[in-house]
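Q: Got a predicted model here, sequence first, then my questions.
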Number of protein chains: 2
Amino acid sequence: MKLYHFWLSSCSWRVRAALAAKGLEVELEVVDISAQAMQQDSLAYSVRNPMRQVPTLVFDDGGVVRELGQSTAIIEYLEERYPEPALLPKEPWQRARARQVAEMVNSGIQPLQNIRILERVSAQGGDSGEWAISVIDRGLQAIESVLASRAAAFCMGDVLGFADLFVYPQIYNAQRFNISFEGMPTLARIAESCAAHPAFIATHPDLGAE
Amino acid sequence: MKLYHFWLSSCSWRVRAALAAKGLEVELEVVDISAQAMQQDSLAYSVRNPMRQVPTLVFDDGGVVRELGQSTAIIEYLEERYPEPALLPKEPWQRARARQVAEMVNSGIQPLQNIRILERVSAQGGDSGEWAISVIDRGLQAIESVLASRAAAFCMGDVLGFADLFVYPQIYNAQRFNISFEGMPTLARIAESCAAHPAFIATHPDLGAE
């Protein structure tokens, strides 16, 4: 398998960590989505991923090469094709809750604070920093409410799972914006557990700076 | 089951249509998310759905009342709990493709053109109409590219499925913004099939105007 990704992209980190959690080997190829490079808009990449976003997973499907974009679709595919260790809980309600939390990040926070959108906000004369902090804080507060009745190390229990793959990279982004987690003790605890987990350590954005 | 929804919300329509496609009965309760009403911000609703968004599905889970937000999580839950008729294809790559297309709408288009965001764009002095048209057109063009090699009536074949639940309500929004589908013949064909499908007719946003 090969993953087109960018080290600082939170959507890419979700998939890198999912692959690591399942012990799957993958060849990594960087697509530089920084404002100076914009490699995601190249013809070569936009054919693989018409949304011109990272990540894209390329894999062999019984002799046919497939190119799959969108991080949730990729992680759901990995979960179906390589079921163990499982990322989703077994019980239907717990599975639903894990997917809800993941989607709160994936549709409720991340798209509103990605590089392309923040540049648009600036271009329209808005304050992109204030915009980003506001959408991230609002979304994480909502996730804190959903998870606050739980006392486990990770979102859905004592092992790393589907929801953590989305929540922790978003928390890491929030920390880069200096958002305080004082009022979000549950997320602060989950962040500590994730920061110490081998699947996140082995795939950390800092590795891209080396 | 009870669904908190808004007739014009595309995320709500996805779930209404999923329930209809599976022949499931649901009690509907409107949460008026229009700028004048903003009922999603009421204390009563925000406890059910801390993201303060529609839809929320309320259901009995072995004697426990559960409240589940986020349309993809809801539809995946319905698919697991009521597997027939299936909305996702059986084959892993086809399932992945269906989820990819759904996510292109759910994280790549819809969040960037919902009411709350368009109001923020206006408040910052931007042109919310131009913003909405640009993100919708960009996203639908990408979906057209992904689906263009197919010749079926719906996104993934000749029956209504998971991806259509996301794509058609987004196309309906695009039509309200007068976006042209001349360069998107695949989506134009899918829109025609969906517009004529009982699951969309029985749950159409226009029913809210009656």
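A: Cool, got the structure. Please read these numbers as outputs of a predicted model, since none were measured by experiment. Numbering: from 1, shown residues only, chains lettered A, B, ... in the order given.
Q: Could you use CA atoms for every contact and neighbour count after this?
A: Fine.
Q: Near chain B, which residues of chain A? Just list them.
A: Residues of chain A lying close to chain B by C-alpha under 8 Å from any C-alpha of the partner chain are A:50-51, A:61, A:68-70, A:72-74, A:76-77, A:80-81, A:92-93, A:95-97, A:99-100, A:103-104, A:106-108, A:111-112, A:121, A:124-126, A:138-139, A:142-143, A:145-146.
Q: how about a cut-off of 7 Å?
A: Contacts of chain A with chain B, taken as C-alpha under 7 Å from any C-alpha of the partner chain, map to A:50-51, A:69-70, A:73-74, A:77, A:92, A:96, A:99-100, A:103, A:106-108, A:111-112, A:124-126, A:139, A:142, A:145-146.
Q: Keep only those of these that are in helices.
A: A:73-74, A:77, A:92, A:96, A:99-100, A:103, A:106, A:139, A:142, A:145-146 (DSSP state H).
Q: quick revisit: please list only the buried members of the residues of chain A next to chain B.
A: A:50-51, A:69-70, A:73-74, A:77, A:92, A:96, A:99-100, A:103, A:106-108, A:111-112, A:124, A:126, A:139, A:142, A:145-146 (16 or more other C-alpha atoms under 10 Å in any protein chain shown).
Q: Can you list the buried residues in stretch A:58-76?
A: Buried residues in stretch A:58-76 (16+ other C-alpha under 10 Å): A:58-59, A:66-76.
Q: quick one: average pLDDT of it?
A: Averaged over stretch A:58-76, pLDDT sits at 97.
Q: Among the buried residues of stretch A:58-76, which one sits closest to residue B:174?
A: Relative to residue B:174, the closest of the buried residues of stretch A:58-76 is residue A:70; by C-alpha to C-alpha it sits at 21.7 Å.
Q: Report the contact partners of that closest one.
A: A:55, B:100, B:103 (C-alpha atoms under 7 Å, 6 or more residues apart in numbering or on different chains).
Q: how's chain A carved up into domains?
A: A:2-84, A:92-200 (automatic domain parsing).
Q: got TSV for those domains, with distance to residue B:20 too?
A: As requested, the domains of chain A are exported to TSV (distance: least, C-alpha to C-alpha, whole Å):
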stretch	distance to residue B:20
domain A:2-84	24
domain A:92-200	20
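Q: Residue A:3 falls within a strand, correct?
A: Yes. The assignment for residue A:3 is a strand, going by DSSP: H, G, I helix; E, B strand; the rest coil.
Q: Low-confidence stretches in chain A?
A: Along chain A, segments meeting pLDDT under 70 span A:210.
Q: Try it again at 80.
A: By pLDDT under 80, the low-scoring segments of chain A are A:151, A:210.
Q: Can you show me the helices along it?
A: Going by DSSP H, chain A shows helices at A:10-21, A:43-48, A:71-81, A:92-106, A:115-123, A:128-147, A:162-176, A:185-195, A:198-201.
Q: Deepest-packed of those helices, please.
A: helix A:10-21 (a mean of 24; mean count of other C-alpha atoms under 10 Å in any protein chain shown).
Q: Packing partners of that one?
A: Helix A:10-21 sits against helix A:71-81, helix A:162-176, helix A:198-201, with contacts defined as 3 or more C-alpha pairs under 7 Å, 6 or more residues apart in numbering or on different chains; DSSP states H and E.
Q: what would those helices look like in a markdown table with distance to residue A:156?
A: Output for those, formatted as a markdown table (distance: least, C-alpha to C-alpha, whole Å):
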| stretch | distance to residue A:156 |
| --- | --- |
| helix A:71-81 | 16 |
| helix A:162-176 | 7 |
| helix A:198-201 | 17 |
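Q: Quick check: which of the ones you listed is nearest to residue B:198?
A: Among these, helix A:71-81 sits nearest to residue B:198 (C-alpha to C-alpha), with 27.4 Å.
Q: Which strands and helices lie in contact with the closest one?
A: By 3+ C-alpha pairs under 7 Å, 6+ apart, helix A:71-81 packs against helix A:10-21, helix B:92-106.
Q: For those helices, give me JSON lines that also has distance to residue B:180.
A: Listed next are the helices and strands packed on helix A:71-81 as JSON lines, based on distance: least, C-alpha to C-alpha, whole Å:
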{"stretch": "helix A:10-21", "distance to residue B:180": "31"}
{"stretch": "helix B:92-106", "distance to residue B:180": "18"}
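Q: Quick one: closest of those helices to residue A:206.
A: Here helix A:10-21 is closest among the helices and strands packed on helix A:71-81 (C-alpha to C-alpha), at 11.1 Å.
Q: and the closest one, how far from the chain's centre?
A: 7 Å (C-alpha atoms, centre = their mean, to the nearest Å).
Q: Which residues does that helix contact?
A: Contacts for helix A:10-21 (C-alpha under 7 Å, 6+ apart): A:5-7, A:54-55, A:71, A:75, A:165-166, A:169-170, A:199-200, A:203.
Q: Residue B:22: which of those is nearest?
A: Nearest to residue B:22 among the contacts of helix A:10-21, with distances taken as C-alpha to C-alpha, is residue A:75, at 25.6 Å.
Q: contacting residues for the closest one?
A: Contacts of residue A:75 (C-alpha under 7 Å, 6+ apart): A:15, A:18.
Q: again, 10 Å this time
A: For residue A:75, the contacting residues are A:14-19, A:57, A:81, A:87, A:162, A:165, B:96, by C-alpha atoms under 10 Å, 6 or more residues apart in numbering or on different chains.
Q: Could you dump those residues into a markdown table with distance to residue B:154 added?
A: Output for these, formatted as a markdown table (distance: C-alpha to C-alpha, whole Å):
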| residue | distance to residue B:154 |
| --- | --- |
| A:14 | 30 |
| A:15 | 29 |
| A:16 | 32 |
| A:17 | 34 |
| A:18 | 31 |
| A:19 | 32 |
| A:57 | 25 |
| A:81 | 25 |
| A:87 | 31 |
| A:162 | 30 |
| A:165 | 32 |
| B:96 | 16 |
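Q: Okay, buried residues for stretch A:20-39 please.
A: A:20-22, A:31-33, A:39.
Q: out of these, who's nearest residue A:189?
A: residue A:21 (19.7 Å).
Q: Now do the contacts for residue A:141.
A: Residue A:141 neighbours (C-alpha under 10 Å, 6+ apart): A:181, A:183-184, A:187, B:50-51.
Q: re earlier: what's the farthest-apart pair in the contacts of helix A:10-21?
A: A:54 and A:199 (19.3 Å).
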